[in-house]
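# A predicted structure for the sequence below; I have some questions about it.
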Protein chains: 2
Amino acid sequence: MKRRVSSHDVARRAGVSQSTVSLVLNGRAGTRISPETRQRVLEAAQHLNYTINVAARALVTGRTNRLGVVPFFPGGLLDRDLYYGQILNGITLGALEANHNLLLHSANYPDWQALSGDILNGSSDGVLLIGRGGDDPLTRTLLDAGFPTICLSYHIEHPACFAVDCDNVLGGSIAMQHLLALGHRHFAYFAPAAGAIWVAERRQGAEAALREAGIDPQGMLILGETYSADQERWIERLAASLQYTVPTPTGLFCSEEWQARLLVEALPKHGFRIPEDLSVVSFNSTELSARARPPITSVHQPLIEIGAEAVRLLHSLITGEVVAPGVRRLPVTLDVRETTGPVGTV
Amino acid sequence: MKRRVSSHDVARRAGVSQSTVSLVLNGRAGTRISPETRQRVLEAAQHLNYTINVAARALVTGRTNRLGVVPFFPGGLLDRDLYYGQILNGITLGALEANHNLLLHSANYPDWQALSGDILNGSSDGVLLIGRGGDDPLTRTLLDAGFPTICLSYHIEHPACFAVDCDNVLGGSIAMQHLLALGHRHFAYFAPAAGAIWVAERRQGAEAALREAGIDPQGMLILGETYSADQERWIERLAASLQYTVPTPTGLFCSEEWQARLLVEALPKHGFRIPEDLSVVSFNSTELSARARPPITSVHQPLIEIGAEAVRLLHSLITGEVVAPGVRRLPVTLDVRETTGPVGTV
DNA sequence: TCCCTGTGCTAATAGGTATGAACAGAGTTG
DNA sequence: CAACTCTGTTCATACCTATTAGCACAGGGA
C-alpha cells in the first residue's frame, strides 16, 4: 500500500495550510472560513480520496469514537442461550444512534489484568461490561481509574458504579406469584451460578412473594448443584433431589433460560410430567423459551433495551453530562406459556 | 481523569531514556538490554500502572491490532436466524487466537461511501465483510485501495478478492440428491433474495443434480417472489403457486433457513402435510432448523469455521504472507431430519 | 495620519510512541 | 598502542492532527 494521503497533501493541493484543512473538515462553529476556500479544500480532499487518520486524531483529542464491549466470555455469543446476542443487538443499535463504533475485546479470560490494560490503553472512550460478578476486580479497577464504565446485568459496590439491569427482585416475585396463583404451595429454586448477583436478587424476590402469601420461605428447596459438564448427570441429580423431598415441590423456578430448557425437555424422562406434576418458570423469555417443547413460562426482561440504554448512559458519561451513579432498573413482565398449570390437575 | 502515564514517566522513574522503555516493553529480538535495566523498567511500569497509548503506537507503526467487521446490516445479529451470530462467534474465536480485537462498524447503511471512509481511516488493520452482493461497490473500493479485505459468504469479480464461503453448489446438489433418492421427481426452489450470489450457486447445484438424474432442470418451479413484510401474504401466495402447478411439486428446496422455518410451520394450514405431501430441504442447519416443528432437513455449512478461517486468512494478508486470491470453499453436509420423506407415502 | 475592529488565514506546537543512527565504554586483536 | 568489535544505551525524528495565538490586511471613524 502506498503512503496514506494526509491533510498536508490536501492543503498543498488546495493551496492553503494544514490548519485550514483541519478547520474546514471539522467545521466547528466560531471559525470563519470563506466559502471559496472551503470549497477548494473539500474538492481537494475529495479528489485525493482523503480520509482522516483516526489514530492521529485520537492522539491529539483523546477521543476515539469507539465504545469497548467486554463479553462475559469469548465466543459466548450463542453458546447456550440468546442472552448475549440480544444484549449485543441492543448495544449495536445504541452505538448506531450515538455514531460510535464498537470494540469487541477478545483478551484472554480470565486474565482480567491483561484485559484491564487492554481497556485503559486508550482504544475506546468507555466500556460496557457484561454480566460479571458482584465483586469483579476488573470493574473496580476501571472505576478506580475513573474510566467511563457501565455494568450490564450486574453491579458492584462502588460509589461511582453505573449499571443497567432489569428488576430481578420484581421478576422473582412475579414468577412466584404466578405459581402461587395456580395453587402451588411447595417450591424449588434452581440456581447453579451461586456467585451471580442476579441469582440472589431473583431468589430474594421469590422469597418476598412467599412471605406475602404467608408461606415460610425457608421451606423453598434450594437446588444449588453446580452446573457440571455432564448434562445427564446434573439433571438426574436434580430429579432425585426433587423426588426425595417431602412434600415434593410442584413449582420450580429456574433462574437461567438455557438450563430451564434442558430441564423441561429432560425431566419427563425422570417421571415428571410438565406441567401436570411440576410447573416450571424461567427467566429472560427469549425465543429459546418460546420455542422449547413445551414452550416455557418465563419472566421477560427487555435485553435489547438494556443494551441500548447502557450505550446512552455511557455516552452521557463520556460527554461529561452529569448523571447520578447507581443501577437503572428496567421493568420485567411475565410471559405465560405451557410449562405452568394449576396444581394437582390429575 | 488525571493525565495519562506515558513512557517518559516510566523512563524517568527507571532512570533511563524513553527509547529504552520502548525497547524493553516491545522486546524485539535483536535489541540488547541488560537484565538489570529491563528489570528496573518493568518495575517502574508496573508501579505507575503504565499502559501503552495505542493511538500513538498506531500512528507510528501503522498497525492497530484490530480487525474490522461489517455486518450485512446493523442490528441483524439475531433478527431472523443464527447465521450472523454463528459467523461472529467464529470470528471472535479467530480473533482471540490471532490476538486481535474486533471493531464492529456501525455506519449508516446503505451509505457505503461513508462506511468506506470509516474503514480506510486506519481504525483497523483489515476488514471482514459479511454476506454482501456479488457486485458490491464497497468491496471493490476497498480492494482497489489495496486494503486487506476478506469476503464472507460471497465474493466479487476482482483479481485481488479473497473470500471464504461454503460449497454452495455442492450443497444444492446434496439437497436435491436427497430428494431424488426419496423418489421425488417434481421440484420447486424458493429463493426470494434474487440478487444474492449463494441463491444462484445453490440453484446451480440443484440443477446439476437433476441433470445427472436425467431430469430436465427447466421443470423445476422457481418461486421468485420477493420477501414481503407481510408474512401471511407471501406464504399464501407461495402455497397457491405450488397448488396450481401441474404436476404439483413434492420436493421443495428453500435456500434460507428462517424462511424454511416459517414455511414448514405455516404450510400445513394451507393443506400441505409435511413431509407426506411436501418434502422440504433447507440450508445452514443451525439450531433453528433443529428446533423447528417439525425439525427441518437442512444442508449444514460450518459457519463458525468459516468465521475463524476468514480471520486466519486476513491475518496472513496483514502480516504480508503470500497467499493466492480466490474463494476458499469449506465442505457442507446434509442433516436429515423430519421434513423429508419418501414420495407418495399416503 | 493614526487607531481600531473584524475577517480570513497561518505558524507553531503538543500529543506518545517506534526506530535507525549515533555514541560511550569495555574488551579484543594485531 | 592503535584499530576494531561488541554491548548497552540515547538522540533525534517521524507519524498526523487539533488548536491557540497571532499576523496581514481592509475598511471605517476621528
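Cool, the structure landed. Numbers count the residues shown, from 1 in each chain, chains lettered A, B, ... in the order given.

# Show me which residues of chain A sit near DNA strand D.
A:3-4, A:6-8, A:18-19, A:22-23, A:25-26, A:28, A:31, A:52-53, A:56-57, A:59-61 (C-beta under 7 Å from any atom of the strand). Heads up, the C-betas are built off the backbone N, CA and C, glycines and all.

# Now list the buried members of these.
A:6-7, A:22-23, A:52-53, A:56-57, A:59 (16 or more other C-beta atoms under 10 Å in any protein chain shown).

# Which positions within stretch A:322-338 qualify as buried?
Buried-residue list, stretch A:322-338, by 16+ other C-beta under 10 Å: A:328, A:332, A:334-335, A:337.

# For the stretch 151-300 of chain A, just list every one of the helices.
A:168-181, A:197-212, A:231-244, A:257-266, A:287-290 (DSSP state H, counting those that start in this stretch).

# contacting residues for A:Arg211?
A:Pro217 (C-beta atoms under 8 Å, 6 or more residues apart in numbering or on different chains).

# quick one: it and DNA strand D, what's the gap?
From A:Arg211 across to DNA strand D, the span is 57 Å (C-beta to the nearest atom of the strand, to the nearest Å).

# Relative to B:Ile52, how far out is that residue?
54 Å (C-beta to C-beta, to the nearest Å).

# Tell me who's in contact with A:Ser124.
A:64, A:66-68, A:103.

# try A:Ser255
A:189-191, A:193, A:198-199, A:202-203, A:282-283 are the contacts of A:Ser255 under C-beta under 8 Å, 6+ apart.

# try 10 Å this time
By C-beta atoms under 10 Å, 6 or more residues apart in numbering or on different chains, the contact list for A:Ser255 reads A:168, A:171-172, A:175, A:189-193, A:196, A:198-203, A:206, A:281-284, A:299.

# Could you tell me which residues of chain A lie near DNA strand C?
So chain A meets DNA strand C at A:15-20, A:23, A:31-34, A:36-37, A:56, A:59-60 (C-beta under 7 Å from any atom of the strand).

# what secondary structure does the nearest residue to A:Val311 once chain neighbours are set aside sit in?
Leaving aside its chain neighbours, A:Val311 sits nearest to A:Gly94 (2.8 Å; criterion: C-beta to C-beta, 6 or more residues apart in numbering or on different chains). Put simply, A:Gly94 is helix when judged by DSSP: H, G, I helix; E, B strand; the rest coil.

# Please verify my assumption that A:Gly94 contacts A:Gly307.
Yes: A:Gly94 is in contact with A:Gly307 according to C-beta atoms under 10 Å; the separation is 6.2 Å.

# residues shared between the contacts of the two?
A:Leu128.

# For A:Ala95, which non-adjacent residue is closest in space?
B:Ser106 (4.7 Å).

# For the host helix or strand of A:Leu115, which helices and strands make contact with it?
Under the criterion of DSSP states H and E, A:Leu115 resides in helix A:112-120. When contacts are defined as 3 or more C-beta pairs under 10 Å, 6 or more residues apart in numbering or on different chains; DSSP states H and E, helix A:112-120 packs onto strand A:66-70, strand A:126-130, helix A:137-144.

# let's see it at 8 Å
strand A:66-70, helix A:137-144 (3 or more C-beta pairs under 8 Å, 6 or more residues apart in numbering or on different chains; DSSP states H and E).

# can you list the ones you listed in CSV and add mean neighbour count?
As requested, the helices and strands packed on helix A:112-120 are exported to CSV (neighbours: other C-beta atoms under 10 Å in any protein chain shown):
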stretch, mean neighbour count
strand A:66-70, 26
helix A:137-144, 19
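
# mind checking which of those is nearest B:Phe73?
B:Phe73 lies closest to strand A:66-70 among the helices and strands packed on helix A:112-120, at 18.8 Å (C-beta to C-beta).

# What average pLDDT does that closest one get?
The average pLDDT for strand A:66-70 rounds to 96.

# partner strands of it, parallel or antiparallel?
Taking DSSP bridges as the criterion, strand A:66-70 sits next to strand A:101-104 (parallel), strand A:126-130 (parallel) in its sheet.

# got the contact list for it?
A:88, A:91, A:95, A:98, A:100-105, A:115, A:119, A:123-130, A:132, A:138, A:311, A:314, B:103, B:123.

# now with 7 Å?
Applying C-beta atoms under 7 Å, 6 or more residues apart in numbering or on different chains, the contact partners of strand A:66-70 are A:91, A:95, A:100-105, A:115, A:119, A:123-130, A:311, A:314.

# Cheers, nothing more for now.
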